[in-house]
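> Got a predicted structure plus its sequence, pasted below:
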Amino acid sequence: MSLHVGLTFDLRHDYRLLGYSEEETAEFDSIQTIEAIEEALTSLGCHPDRIGSVRDLTKRLVAGERWDLVFNIAEGLRGFGRESQVPALLDAYDIPYTFSDPLVLAISLHKGMAKRVVRDIGVPTPDFVVVETAADLAVVDLPFPLFAKPVAGGTSVGVTASSKIPDRDALNRRVGELLERFRQPVLVETFLPGREVTVGIAGTGSSARVLGVMEVLLQPSADEDVYSFDNKARYQERVKYSLATGELAEQARQVALRVWRGLGCRDAGRVDLRCNAAGQPSFIEVNPLAGLHPVDSDLSLLCTLAGVPHRELIAMILDSARARILTPSSARGPSLV
């Protein structure tokens, strides 16, 4: 049966016209991403319908419009629940959608909360402190070097060469800058000196599977030791990507799947890991709403290396969502009716 599929997203161009900066809109999508998803959905027998942002969705819901499924990649603009806004609204109208639910998206966006949950399920993650004010710096009692970044940033926004922190003076200076600039708490964690990988996952629960383990190899021209915002933006010259193999890949697969299933992530996304001095991978963060630009997004880069075409990735996401929709309502989440 052909599905009428709504597409929710935040288009970078629209927000730039409203006066938002390049940095403020870094997580938002380009028109190329929207067109690529539409093309894939059409080739899979769906009828895609561009909706847009949460405000656009609200207007159309009030007008009485409905969809069989919403393919949701909307990131939102403000607050720790910004990625949860569209899913929460769709839950209220009992309209199924791709990717994770509001709880998972809110927890995952707040890197400190995600690390607390992951630590509770027994997955290793660097020791950390969430600094909400400059006064909180006094309680940071972790060995240097440390690493600092906005607690709810994405696309490495706020991550620079200065994010690796060698001493107390640098810590006070860098965290002060981040607090002032981004107006949100700062995650300060132990810096891990080992290899960095991102693990692509498709599916939900016991059906989740690893698409590949991609190592991030910084080149001589890159910001040293840090997969920074600038390194990501200029990845063609600053970063080399390769599929990890052997023991590292196997360990990363196991850790990533424990994170994915433990948090309750759905359909597709990425888990970012970094190794300690002994070479053991630890949890850094999870992206349950990963970018889907057919060329530039990390998940797409990983899939290209693993021989998974963009259309096939979209098909996997759609198949996973369909499988959830067809399960009994008790398996889809709690209800009062």
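Noted; the coordinates are in hand.
> Where does pLDDT dip in the protein?
Scanning the chain for pLDDT under 70 picks out the ranges 1, 328-337.
> What's the biggest strand in it, counting residues?
Longest strand in the chain by number of residues (criterion: DSSP state E): strand 209-218.
> Just the C-alphas of that strand, formatted as PDB.
Taking C-alpha atoms only, strand 209-218 is exported to PDB below (Å, rounded to 0.1, in the frame of the first residue of the first chain):
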ATOM      1  CA  ARG A 209      22.000  -3.700  13.500                       C
ATOM      2  CA  VAL A 210      25.200  -1.900  12.900                       C
ATOM      3  CA  LEU A 211      25.700  -0.500   9.400                       C
ATOM      4  CA  GLY A 212      29.400   0.100   9.900                       C
ATOM      5  CA  VAL A 213      32.000   1.600  12.200                       C
ATOM      6  CA  MET A 214      33.700   4.700  10.700                       C
ATOM      7  CA  GLU A 215      37.000   6.000  12.100                       C
ATOM      8  CA  VAL A 216      37.600   9.700  12.100                       C
ATOM      9  CA  LEU A 217      41.200  10.400  11.100                       C
ATOM     10  CA  LEU A 218      42.300  14.000  11.500                       C
END
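> burial measure for residue 61, as a count.
18 (other CB atoms under 10 Å). C-beta here means a position set from N, CA and C on the backbone, and glycine is covered the same way.
> what secondary structure does it sit in?
What DSSP: H, G, I helix; E, B strand; the rest coil gives for residue 61 is helix.
> can you pull out the strands in the stretch 201-337 of the chain?
Assigned by DSSP state E, counting those that start in this stretch, the strands in the stretch 201-337 of the chain fall at 209-218, 239-243, 268-275, 281-287.
> Mind putting those strands into JSON lines with mean neighbour count and distance to residue 198?
Formatted as JSON lines, the strands of the stretch 201-337 of the chain follow (neighbours: other CB atoms under 10 Å; distance: least, CB to CB, whole Å):
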{"stretch": "strand 209-218", "mean neighbour count": "20", "distance to residue 198": "5"}
{"stretch": "strand 239-243", "mean neighbour count": "14", "distance to residue 198": "9"}
{"stretch": "strand 268-275", "mean neighbour count": "25", "distance to residue 198": "5"}
{"stretch": "strand 281-287", "mean neighbour count": "24", "distance to residue 198": "8"}
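> Adding distance to residue 187, write those strands out as JSON lines.
Shown next, in JSON lines, are those (distance: least, CB to CB, whole Å):
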{"stretch": "strand 209-218", "distance to residue 187": "19"}
{"stretch": "strand 239-243", "distance to residue 187": "22"}
{"stretch": "strand 268-275", "distance to residue 187": "13"}
{"stretch": "strand 281-287", "distance to residue 187": "9"}
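> Looking at this protein, which helix is longest?
helix 246-263 (DSSP state H).
> circling back: against which helices or strands is the longest strand of the chain packed?
Here strand 209-218 touches strand 196-202, strand 239-243, helix 246-263, helix 298-305, going by 3 or more CB pairs under 8 Å, 6 or more residues apart in numbering; DSSP states H and E.
> surely residue 227 meets residue 196?
Yes: contact criterion CB atoms under 8 Å: residue 227 and residue 196 qualify, at 6.2 Å.
> neighbour count winner among these two?
Ranked by neighbour count (other CB under 10 Å), residue 227 and residue 196 place residue 227 first, with 22 against 19.
> and the gap between the more buried one and residue 69?
Residue 227 sits 33 Å away from residue 69, going by CB to CB, to the nearest Å.
> Could you look up the SS state of residue 95?
Criterion first, three-state DSSP; result for residue 95: coil.
> wouldn't it be in contact with residue 70 here?
Yes: the pair residue 95 / residue 70 is scored as a contact, 5.9 Å apart, by CB under 8 Å.
> Show me the common contact partners of these two, please.
residue 6 (CB atoms under 8 Å, 6 or more residues apart in numbering).
> Could you check which of these two has the larger neighbour count?
Higher neighbour count among residue 95 and residue 70: residue 70, with 27 against 17, using other CB under 10 Å.
> circling back: list the strands paired with the longest strand of the chain, with their directions.
strand 196-202 (antiparallel), strand 239-243 (antiparallel) (DSSP bridges).
> if we compare these, which one ends up closest to residue 52?
Among the strands paired with strand 209-218, strand 196-202 comes nearest to residue 52, with 25.8 Å by CB to CB.
> could you check the angle strand 268-275 makes with that closest one?
160 degrees (axes from the mean of the first three to the mean of the last three CA atoms, to 10 degrees).
> any idea which of the helices and strands packed on strand 209-218 is most buried?
Most buried of the helices and strands packed on strand 209-218 by mean neighbour count (mean count of other CB atoms under 10 Å) is strand 196-202; its value is a mean of 25.
> Can you give me the distance of the residue nearest the centre of the chain to residue 203?
Taking CA atoms, centre = their mean, the centroid of the chain lies closest to residue 287, which sits 2.2 Å from it. Relative to residue 203, residue 287 is positioned 15 Å away (CB to CB).
> which one is residue 211 nearest to, not counting chain neighbours?
residue 200 (3.9 Å; CB to CB, 6 or more residues apart in numbering).
> For residue 173, see how far away that neighbour is.
Between residue 200 and residue 173 the distance is 36 Å, computed by CB to CB.
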